[in-house]
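In: test case, fold it:
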Amino acid sequence: MIRAHYRRLFLATCLLASPAFAATDTAPTVSPLPARKPVVVSGTVPDEATRQAILDRTRELYGRDNVVDQLGVGQVSTPVNWSDYVQKLLSADLKQISGGQFAVDGNNVSLRGNVGSEATRQQLVSDMATRLNPSWQVKNGLRVAAGDQQLLDQALANRIIEFDTGSTRIAPAGTAILDEMASALLKMGGRNIDIIGHTDNQGSATSNQALSEGRAAAVRQYLIQKGIEANSMRATGVGAQSPVALNTTAEGRARNRRIEFRAR
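Out: Here you go, the predicted structure:
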């Protein structure tokens, strides 16, 4: 997509917030994501010098072994001093962002993702704006990460998502809770979450593991049908490995048979 003869450059990140560059046919963009994933630098820039400068700076920030080079050179137009401004924007401040995207389209910069506090949310954009001339604009789409987990916890409210006995079929009481969870997830605007299935210790470890995985997958599928983006949810199961109560009582076993939601 071409806008005002500029091309977008994406920086998608991993590590706590390590960026990966991805340039499509508009202007520069950066995306911060979760930890310990490679930083993929991809897209199109106007010349080899710009390409090398971006790669060198990204490797400096995130480590040479963490950067995957998919960045190309093509016939694209950029604003005056575009490369210099991109270098200024590629600062260590980006490491404070996770699960989001930093984009530059012409002279317009936008940030999305999660940060640790409201002060950080505001300071990051303020510092970025001071590195640019007045013709550039910075849009703040950052969020305080802790709030998302609180939103999930409040929606679940310590309730148990019930399933038919020994089955991955969600009981009616469970779907009612999931309807509320879906509303909470929609408010979070595509935030990545883990859906984690747990069982009690009755039965074999192998069957419990399979059941926990199947129930987490069933919850994920139900939420997809409610409009939650499939790629934002990861379903896993841990069987009976992480009890929250004793398995020696019926009440304790019921508490251990649960689904957890974790923002990431």
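In: isn't there a helix covering residue 262?
Out: No - applying DSSP: H, G, I helix; E, B strand; the rest coil, one finds residue 262 to be strand, outside a helix.
In: burial of it, as a residue count?
Out: The number of residues packed near residue 262 is 15, by other CB atoms under 10 Å. C-betas here are computed from N, CA, C, even on glycine.
In: test my guess that it contacts residue 216.
Out: No - the pair formed by residue 262 and residue 216 falls short of the contact definition of CB atoms under 8 Å, at 11.6 Å.
In: joint contacts of those two?
Out: Any residue near both residue 262 and residue 216 by CB atoms under 8 Å, 6 or more residues apart in numbering counts here, and that gives residue 196.
In: same for the lengthiest helix in the chain, what does it pack against?
Out: Ranked by residue count, the top helix of the chain under DSSP state H comes out as helix 205-225. The contact analysis (3 or more CB pairs under 8 Å, 6 or more residues apart in numbering; DSSP states H and E) places helix 205-225 against helix 172-187, strand 193-197, strand 233-237, strand 259-263.
In: looking at these, which one is packed in the most?
Out: Ranked by mean neighbour count, those are led by strand 193-197 with a mean of 22 (mean count of other CB atoms under 10 Å).
In: and that strand, how far out from the chain middle?
Out: 14 Å (CA atoms, centre = their mean, to the nearest Å).
In: may I have it as PDB, with CA atoms only?
Out: Extracted C-alpha coordinates of strand 193-197, given in PDB (Å, rounded to 0.1, in the frame of the first residue of the first chain):
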ATOM      1  CA  ILE A 193      -3.000 -14.300  25.900                       C
ATOM      2  CA  ASP A 194      -2.300 -17.800  27.000                       C
ATOM      3  CA  ILE A 195      -5.200 -20.200  27.700                       C
ATOM      4  CA  ILE A 196      -3.900 -22.800  30.100                       C
ATOM      5  CA  GLY A 197      -5.800 -26.000  31.000                       C
END
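In: other residues contacting it?
Out: Against strand 193-197 from outside (CB under 8 Å, 6+ apart): 152, 185, 211-216, 219-220, 223, 232-238, 259-264.
In: ok, that strand: who's next to it in the sheet?
Out: Strand pairing for strand 193-197, using DSSP bridges, gives strand 233-237 (parallel), strand 259-263 (antiparallel).
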